[in-house]
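Asks: just coords:
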């Protein structure tokens, strides 16, 4: 009986399916959190607004929100964004396989795809209704198109390169963290190969021209003050991101940004994670050796996706803070390429090869263990529970007030009946109108809110109008439902 050999392509398909299952698992278990609510709020706006025809309306570019609005025509808005991220995250595994197969060899692409398939941070953002999984797919596509063009000189790949560049910056501004290092690589290739590479330069120039109409909106957005608590680059934040990007530590707990801003490692944790990094160092060194020996294109691509992205994000964040794990998510691709290449290091002694393979296996096992802990412990904000409690409260009678604007959106997503009854949905920073002027002032008021700037003014307005708080119920994290009554 003739044995049919298993090909790298067949194995890669299995790896992509595995990654898809891991991204589908628990996809809707956690409630949407405030940023995902913003996605829904924006997607509910009229098409001209969402497309940016009236100018910038968010700190992010418009293409992602327009895409989600279109998908919401076929899928429930509560799931549309997460489904898009799940599909984009799964597709990225396949594109990474193709990229590493070209840079090193097909079986290295399989291993790299497996590393990405179980990467906890990438899975986390492949289950979130935000643009980060989609932009990483586009970034991966730009690297694949660049490498494929250099190897084949096919004009089609140059076209793909330019289109993917343009789409990526219209989806998420932080794409530049991974694309600027690629620009250095492109300049090197232009200098080394000359005219045959000019098609890539023309494609990049075309993408720049395509973004030019939106540049004034970007500059306008950049003029606003960023939240420095969450986005300022610090050595601790870089170290934390590296641990999550390599799969050695849980990517997030609670709602994400707040946890990143306040997280501090104890001395024992520093020692523990230091040992884990030391354990995967043989695989990283072996992978770097393979990439270095392969070609300048291979090594440069991996370097741009890993250290280059972190350095660029850190440097630009000194000017305009923007360094958080999600904005450097593309580093996971560089890490996967590094580990994927490691098993194919040539010229190693038997002991070094065993050490390298053991280190690769350990890197995969640690990611799998971190992923299991993320499934178990990962949490966001409990809007689903707040909406249910608010619906029960509204059934008792009284006026429901929601603050800020995203609170009304998320309560409407989970309990539409709330917003069909007596309610006031306050916009961000809005003050509470005089309830008596709206008719008979209600005896009871329910205030459902996110602990957000301006909420103290809303509470003070209720007190000024003669209401006394009777109950104060907390929902993680930090959501509240308060009951107010007139004495």
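Replies: The structure has been received and is ready for your questions. A quick note: this is a predicted structure, and the numbers were derived from the prediction, not measured.
Asks: C-alpha from now on. contacts and neighbour counts both.
Replies: Will do.
Asks: residue ranges with poor pLDDT in the stretch 151-300 of the chain?
Replies: 224-229, 252-267 (pLDDT under 70).
Asks: domains for the protein, by residue range?
Replies: For the chain, automatic domain parsing gives the domain ranges 8-377, 383-485.
Asks: Please indicate which of these has the most neighbours on average?
Replies: Most buried of the domains of the chain, by mean neighbour count (mean count of other CA atoms under 10 Å): domain 8-377, with a mean of 20.
Asks: Quote the end-to-end distance of that one.
Replies: With CA to CA, to the nearest Å applied, domain 8-377 spans 35 Å between its terminal residues.
Asks: Can you classify residue 56 as helix, strand or coil?
Replies: Residue 56 falls in the coil class when you classify it by DSSP: H, G, I helix; E, B strand; the rest coil.
Asks: Same check on the one 4 residues further on?
Replies: Three-state assignment for residue 60 (three-state DSSP): coil.
Asks: got it, and residue 385?
Replies: Assigned with three-state DSSP, residue 385 falls in the helix class.
Asks: Please apply the same query to residue 233.
Replies: Criterion first, three-state DSSP; result for residue 233: coil.
Asks: Ramachandran angles for the spatially most central residue of the chain?
Replies: Per CA atoms, centre = their mean, the C-alpha nearest to the average position across the chain is that of residue 132, at 3.3 Å. In this entry, residue 132 is assigned phi and psi values of phi -70, psi -40 (degrees, to the nearest 10).
Asks: pLDDT score for it?
Replies: According to the prediction, residue 132 has pLDDT 98.
Asks: Also residue 119?
Replies: Value listed for residue 119 in the pLDDT field: 97.
Asks: tell me the contacts of it?
Replies: Listed by CA atoms under 8 Å, 6 or more residues apart in numbering, the contact set of residue 119 reads 245, 246, 247, 332, 367, 368, 371.
Asks: and the first one, what does it touch?
Replies: Residues near residue 245 by CA under 8 Å, 6+ apart: 119, 120, 121, 251, 325, 329, 331, 332, 335.
Asks: can you name the two of these that are farthest apart?
Replies: 251 and 335 (15.2 Å; CA to CA).
Asks: quick one on the thing from earlier: now do the same contact list for the residue nearest to the centre of the chain.
Replies: Under the criterion of CA under 8 Å, 6+ apart, the contact list for residue 132 reads 85, 125, 126, 172, 326, 327, 329.
Asks: and for stretch 77-86, what are the contacting residues?
Replies: Residues outside stretch 77-86 that contact it (CA under 8 Å, 6+ apart): 20, 23-24, 27-28, 32, 36, 39-40, 68, 71-72, 125-134, 413.
Asks: Spell out the secondary structure type for the residue nearest to residue 276 when sequence neighbours are not counted.
Replies: Closest residue in space to residue 276, ignoring its immediate chain neighbours: residue 248 at 7.1 Å, by CA to CA, 6 or more residues apart in numbering. Using three-state DSSP, the structure places residue 248 in coil.
Asks: Now the phi/psi pair for residue 248, please.
Replies: phi -90, psi -20.
Asks: wait, doesn't residue 153 sit right on residue 195?
Replies: No - using CA atoms under 8 Å, residue 153 is not in contact with residue 195; the gap is 11.0 Å.
Asks: the strands in the stretch 301-450 of the chain, which residues?
Replies: According to DSSP state E, counting those that start in this stretch, the stretch 301-450 of the chain carries its strands in the segments 399-403, 423-425, 444-450.
Asks: Could you dump those into a markdown table with distance to residue 211 and mean pLDDT added?
Replies: Listed next are the strands of the stretch 301-450 of the chain as a markdown table, based on distance: least, CA to CA, whole Å; pLDDT from 0 to 100:
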| stretch | distance to residue 211 | mean pLDDT |
| --- | --- | --- |
| strand 399-403 | 35 | 96 |
| strand 423-425 | 36 | 93 |
| strand 444-450 | 35 | 96 |
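Asks: among those strands, which is nearest residue 231?
Replies: When these are compared for distance to residue 231 using CA to CA, the nearest one is strand 444-450, at 20.6 Å.
Asks: what pairs with the closest one, and is each one parallel or antiparallel?
Replies: Applying DSSP bridges to the sheet, strand 444-450 is found paired with strand 399-403 (parallel), strand 479-485 (antiparallel).
Asks: Spatially, what comes nearest to residue 185 if we skip its sequence neighbours?
Replies: residue 300 (6.4 Å).
Asks: what do you get for residue 364?
Replies: In space, and not counting its chain neighbours, residue 364 is closest to residue 115: 6.3 Å by CA to CA, 6+ apart.
Asks: next one: residue 146
Replies: For residue 146, the nearest residue in space outside its immediate sequence neighbours is residue 161; the separation is 6.3 Å by CA to CA, 6+ apart.
Asks: That neighbour: what secondary structure?
Replies: Taken by three-state DSSP, the conformation at residue 161 corresponds to helix.
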